[in-house]
Structure formats: structure tokens, C-alpha cells
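**Q** what follows is a predicted structure for the sequence shown.
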Amino acid sequence: MSIDLSSLSPGELEKLAREIEARKAEVAKQALKKAYADMLEVAKKHGVSFDEVIALHSGKGSKTAPKYANPADPTQTWSGRGRKPAWFIDALAAGKTPEDLEI
């Protein structure tokens, strides 16, 4: 497909540019819908929901159960993953073992 742009007026070029942008947005939206449908099929094939897959990879969803608790304040817990909380470090420095802090 070839369009002779040199013969178009500024108004016609502007109209064509708007039509192109609208078509690009439409094609992008169709691609997203197709990708979403494909992903739903893959999740279904594996026996999981697509929302579970997204939650797993977005850091959202079910949290890891706490493994340790602060003896001075049992509401402060830690799963054992990530950065050690200050209370955990302080308890170790005071002579506690990680096993002492397990729930």
C-alpha cells in the first residue's frame, strides 16, 4: 500500500495522521485482548486461575506465613524471608537463637 503524501494538503495530512493514530490504538487494544485470552487459556490448561498467576508475579496475593515472633511483642512477626527485622537482630544479639524465636 502506497499513499502519495506529497499531493495531500496540510488538512488532509492532519486527518490522515488522526486516522493512523486511531487505528494504531485499535490494533494495540485488539492485541491486548488476544494476549489476555491466550493467557487465560494457558492458565486453564495448567489448572490455575489467571489471577493466581498474576498475584504470584506481582508480589501481591497470599503472604508467607510467619515463622518467627518477637518474644517482647508477639504481634511482630517475620516469615524468615527478606530483610531481618530489628527485633530479630536484637534478640539474636541478646543471645537468643532463631529456634527460640520460632512460632
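**A** Okay, I see it. Please read these numbers as outputs of a predicted model, since none were measured by experiment. Residues are numbered from 1 along each chain as shown.

**Q** how about Q76, secondary structure?
**A** strand (DSSP: H, G, I helix; E, B strand; the rest coil).

**Q** please tell me how far the residue lying closest to it once chain neighbours are set aside sits from R81.
**A** Among residues not flanking Q76 along the chain, N70 sits closest, at 3.9 Å (CB to CB, 6 or more residues apart in numbering). Bear in mind the C-beta positions are built from the backbone N, C-alpha and C, glycine included. Distance of N70 to R81, computed by CB to CB, to the nearest Å: 16 Å.

**Q** more neighbours: which of those two?
**A** More crowded of N70 and R81, by other CB atoms under 10 Å: N70, with 17 against 9.

**Q** need the contact list for the more buried one.
**A** Q76, T77, P85, W87, F88, A91, L101 (CB atoms under 8 Å, 6 or more residues apart in numbering).

**Q** can you list the buried residues in the helix or strand bottoming out on mean pLDDT in the chain?
**A** Least confident element among the helices and strands of the chain, by mean pLDDT, DSSP states H and E: helix 50-58 (a mean of 80). Of all the residues in helix 50-58, those buried under the rule 16 or more other CB atoms under 10 Å are V53.

**Q** count of residues packed around S9?
**A** 8.

**Q** so what's the closest residue to A43 other than its chain neighbours up against?
**A** Spatial nearest neighbour of A43, excluding adjacent residues (CB to CB, 6+ apart): F50 at 4.2 Å. Applying CB under 8 Å, 6+ apart, one finds that F50 lies in contact with M39, L40, A43.
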